[in-house]
Every structure is written in structure tokens, then in C-alpha cells.
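Visitor: generate coordinates for the sequence data below:
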Amino acid sequence: MSEEKIIVSDAALRKGAEEGMDAFLQVFIDKYLEVTGGEITAETMPKLNGYQHTLLGYHFFRTEIMEGGFIQLIQNGYGPYVFDNPFAKAMRLFGAGDFSKLIYSAKKIYDANRKDLEKETTEDEFMAMYEQYEAFDDLEEKFMDMEEQVTAILAEYVDEHLEEFAEIDKE
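Guide: Numbers count the residues shown, from 1 in each chain. Here you go, the predicted structure:
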């Protein structure tokens with residue numbers, strides 16, 4: 001199975017752009033979620049290119065961090081997708097250098113404690129991880145402070161490299 005042709009409508013992009021950078025990026029993300037069925041598996045990985053995976057990775061990262069931090073991100077199975085792929089490097093290349101450094105810092109904690117962080121947990125064990133891994137707290141706060149700027153950087157990058165993220169249907 002190879003990369004699928006990802007097509008977004010020019011009208012949807014214009015509407016998203018009018019609504020703001022979040023809505024603009026969401027046009028692409030919604031398409032990627034549709035194509036992958038919202039699941040990142042060995043079967044769905046080849047359906048997207050590296051640029052598309054990077055944007056989808058940011059979507060998962062941002063959603064999980066905003067809702068429940070790194071513990072939730074990892075417990076929900078996104079650790080390997082974010083930390084074992086060149087996500088941090090791509091963020092640096094897209095112009096989000098400080099964010100890239102933050103991901104590398106989180107990766108050090110993740111790599112050192114991966115087995116424990118990824119184990120199946122009860123609700124109580126899950127909640128206890130927040131105290132056990134307080135090292136993530138500062139990184140989560142830093143992300144909250146930079147999230148809007150990172151999103152703006154990504155929106156600008158996507159806008160300047162549309163062909164890497166989707167084929168635009170002018171109809």
C-alpha cells in the first residue's frame with residue numbers, strides 16, 4: 001500500500017484560513033484522520049507522507065498535552081509516534097526550534113522510563129504517574145506558553161508548502 005492522494009478543497013482551505021490558523025490546519029488534519037480512520041497503525045502509516053505525519057503528530061501531541069499532558073499522550077499510545085519518529089527534527093525544520101528542543105527534552109524522560117510509562121494501568125496507577133513523573137510538568141507548562149506561536153509557525157509553513165500537505169482541488 002502506498003501513500004494515498006490527499007485532496008482538500010480550495011473552498012475549505014479559504015474558509016479555514018478566514019476562521020484562523022487552527023481552522024486552517026484542521027482542514028488538513030480532518031482529511032488525514034479520515035484517510036487513516038483516526039488510527040496510526042502499520043497499515044495506515046504508509047497512507048501519509050512525512051509532512052502529513054508531522055502535522056498529524058502535532059495534532060495528537062497538542063490535543064493530548066492540552067487535555068492530560070505527557071502521561072496521557074503516552075498512555076494513549078502516541079509515545080512511539082511522537083518520540084520514535086523524526087517529529088522533533090521536522091518541527092525544527094518547519095521553524096519551531098524551541099518546540100523541537102522541548103520534544104527532545106520530553107523524549108529523554110520517555111526513553112529512560114518507557115517501559116513504566118507505557119504499561120497498562122488502572123485509573124489510580126494512571127493518576128499516580130502524574131506525581132511520579134513531575135519532570136514533565138515544566139515541559140507541559142512551556143508548551144502551553146508556546147502553543148499559539150507553534151501553531152502559527154506550522155500554519156505558515158503549511159501555507160507556504162501546500163503541495164507537501166495535500167493536493168488542492170480548485171473546483
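
Visitor: tell me, what residue is most central in the protein?
Guide: Central residue of the chain (CA atoms, centre = their mean): Tyr58, 1.9 Å from the mean position.

Visitor: what's near enough to touch that residue?
Guide: For Tyr58, the contact set (CB atoms under 8 Å, 6 or more residues apart in numbering) comprises Phe87, Met91, Val150, Leu154. The C-beta positions use only the backbone N, C-alpha and C, and glycine is treated the same way.

Visitor: list the ones among the residues you listed that fall in helices.
Guide: Phe87, Met91, Val150, Leu154 (DSSP state H).

Visitor: what strand or helix carries the residue nearest to the centre of the chain?
Guide: helix 50-75 (DSSP states H and E).

Visitor: helix or strand right after that helix?
Guide: helix 79-83.

Visitor: helices of this protein, residue ranges please.
Guide: According to DSSP H, the chain carries its helices in the segments 10-19, 21-36, 50-75, 79-83, 87-93, 97-118, 123-132, 135-160, 162-165.

Visitor: nearest to Glu171 among these would be which one?
Guide: Closest to Glu171 of those is helix 10-19 (CB to CB; 7.7 Å).

Visitor: which secondary structure elements does that closest one sit against?
Guide: helix 21-36, strand 167-169 (3 or more CB pairs under 8 Å, 6 or more residues apart in numbering; DSSP states H and E).

Visitor: could you export the ones you listed as CSV, including distance to Glu131?
Guide: Shown next, in CSV, are those (distance: least, CB to CB, whole Å):
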stretch, distance to Glu131
helix 21-36, 32
strand 167-169, 47
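
Visitor: need these in TSV (columns: distance to Tyr51, mean neighbour count and mean pLDDT).
Guide: Formatted as TSV, these follow (distance: least, CB to CB, whole Å; neighbours: other CB atoms under 10 Å; pLDDT from 0 to 100):
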stretch	distance to Tyr51	mean neighbour count	mean pLDDT
helix 21-36	10	18	95
strand 167-169	13	12	91
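
Visitor: and of these, who's closest to Met66?
Guide: Closest among the helices and strands packed on helix 10-19, using CB to CB: helix 21-36, at 11.8 Å.

Visitor: check which helices and strands that closest one is in contact with.
Guide: Using 3+ CB pairs under 8 Å, 6+ apart as the contact test, the elements touching helix 21-36 are strand 7-9, helix 10-19, helix 50-75, helix 135-160.

Visitor: for the first one, packing partners?
Guide: Strand 7-9 makes packing contacts with helix 21-36, strand 167-169 when contacts are defined by 3+ CB pairs under 8 Å, 6+ apart.

Visitor: what stretches of this structure score poorly on pLDDT?
Guide: Within the chain, the stretches with pLDDT under 70 are 1-3.
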